[in-house]
Structures are given as C-alpha cells and as structure tokens.
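> Sequence first, then the predicted structure, then my questions.
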Amino acid sequence: MNKEIEFDNDFATKLIKAQFSLTDIKLNFFKTIYFYMINSKFRIYKRLDYFLKDQLVNPPKELIDIAQGLIGKDHDETIINILKYVDNLLIYEHDVGEEWSTAVEILERKIDDCDGHNSLIFVLARLAGIPYWLIYSVIGDAGNGGHYYLLYWSTRYNKLVSIDATFYPSMVKVRDRPKFKQTKEKYGNMWFVFNDKIIFKPC
C-alpha cells in the first residue's frame, strides 16, 4: 500500500462530522477506545480499531492479490467490486454467540455472518487503496438486533452511503445509492463507528 496521509484526531473528528452533516443525521462524535467481545465462547475482547488494523499489517499475498484484482477506475467502482466479490464468495450463517473472524479465516471457511462479510469488505477495501477516512465500520441497531455494516464516503458524489453484504444487501453503483439515513426500520442507533485508525462514539 502507498503511504497514506495521517490526520490528527481533531481533524479526523471534524471530518466525520462533516461527512455526516450532509445526511439527515444530526450527531456529535467523540473519539474513544472500546474493547468489544469478539468471541463470546472464550470471552476474548479486542479493541475495535486494532481488530482491523492488525489484519492490515503484513497481510498474506493471497489477500493482497484479491484486493488488487478488484481495483476499479476509482474508489466508488472499487468498493462495489469488492462488495460483489464477497457477496458471491460467502454463504451467510448466523453465529452461535459472538465470534468475529479475521479476513484470512473467513476466506478459508467461506461462511460467516454480518461481521465476517462486512469486515472482509473493509479489509479488502483498505488493501485495494481506499483511504481510511473514506470507509468506516459500524456496529449498532438494525431491525430487531445488533448489526455490523459499513459506511463509505464518495468524494465524487459528495455523499455517505451504506455498504452492507448481509442485512440490506444492494449491488447498485455508488452513484445510484441513496444517502445514508438512520431509521428505526433499517439502521437504528449506532453504538460505535470505527476504522483501523480511530474509534468514534456517536451521541
């Protein structure tokens, strides 16, 4: 990967507020640290940003090759190429309890639930060159339960859109996607918004 611009925490906070300000969501964000239980059977906790960051340090060649093969003419095309790849590759199977797997583990099994499908999209997106300030993982309410999905900021169309391979899957181009909205029926309260660099708590 090419070396990325590193934003300080204040700038990153202002950036996410600006990205959300163009939706109908009026939220404040504060930077935080949070350890989430990624394996309920063995009671293993992992810091949310480190769960993603650790997978991007010395990733296996297979993972890099897959990501590189999905690069489109711009980031908007790349994220949809990745979404379609993961949708075609993986079978959805709900976890018994909570169990987050790494991208490598998911590729081997080809079966996972929302956190597996959507975290794999995130990892591939980052390895394909999408900058961290354009893509976020979200854990929060969706329908009648908790959910892991992604938000992607399109600089071309100046909008924030959901990228979700499981709960509300859609393969349409970024251009044709509606701006992200937070509703009780679809995506409800967001517990944490994070990527491999930073964790935000919406309030």
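Received the coordinates, thanks.
> okay, CA-based contacts and neighbour counts for the rest of this
OK.
> List the buried residues for stretch 169-186?
Buried residues in stretch 169-186, counted by 16 or more other CA atoms under 10 Å: 170, 174, 179-182.
> Then stretch 39-48?
By neighbour count on 16+ other CA under 10 Å, the buried set for stretch 39-48 is residue 48.
> do the same with stretch 115-135
Applying a neighbour-count criterion of 16+ other CA under 10 Å, one finds 115-130, 132-135 buried in stretch 115-135.
> Run the chain-centre distance for it.
Distance, stretch centre to chain centre, for stretch 115-135: 6 Å (CA atoms, centre = their mean, to the nearest Å).
> again with stretch 19-34
Stretch 19-34 has its C-alpha centroid displaced from the chain centroid by 15 Å (CA atoms, centre = their mean).
> likewise stretch 100-119?
Remark: stretch 100-119 is offset 13 Å from the chain centroid, using CA atoms, centre = their mean.
> contacting residues around that stretch?
Identification of contacts with stretch 100-119 by CA atoms under 8 Å, 6 or more residues apart in numbering yields 38-39, 52, 55, 63, 86-87, 89-95, 120, 123, 137, 147-150, 163-167.
> who's in contact with residue 128?
Taking CA under 8 Å, 6+ apart, we find residue 128 in contact with 1, 64, 67-68, 70-71, 78.
> Of those residues, which is the nearest to residue 27?
Nearest to residue 27, judged by CA to CA, of the contacts of residue 128 is residue 78 at 28.4 Å.
> Could you double-check that the closest one lies in contact with residue 67?
No. At 9.1 Å, residue 78 does not count as touching residue 67 under the criterion of CA atoms under 8 Å.
> Are there residues contacting both of these two? Which ones?
125, 128.
> Residue 132 contacts residue 194, doesn't it?
No. Using CA under 8 Å as the test, residue 132 is too far from residue 194 to be in contact (9.6 Å).
> Just the C-alphas of the strand or helix carrying residue 146, formatted as PDB.
Here residue 146 sits within strand 145-154, counting by DSSP states H and E. Extracted in PDB, the C-alpha atoms of strand 145-154 (Å, rounded to 0.1, in the frame of the first residue of the first chain):
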ATOM      1  CA  GLY A 145     -30.900  -6.800  16.700                       C
ATOM      2  CA  GLY A 146     -27.300  -5.700  16.500                       C
ATOM      3  CA  HIS A 147     -25.500  -5.500  13.200                       C
ATOM      4  CA  TYR A 148     -22.100  -4.800  11.700                       C
ATOM      5  CA  TYR A 149     -22.200  -2.800   8.400                       C
ATOM      6  CA  LEU A 150     -20.000  -0.200   6.600                       C
ATOM      7  CA  LEU A 151     -20.400   3.400   5.600                       C
ATOM      8  CA  TYR A 152     -18.500   4.700   2.600                       C
ATOM      9  CA  TRP A 153     -17.900   8.400   1.700                       C
ATOM     10  CA  SER A 154     -18.000   9.100  -2.100                       C
END
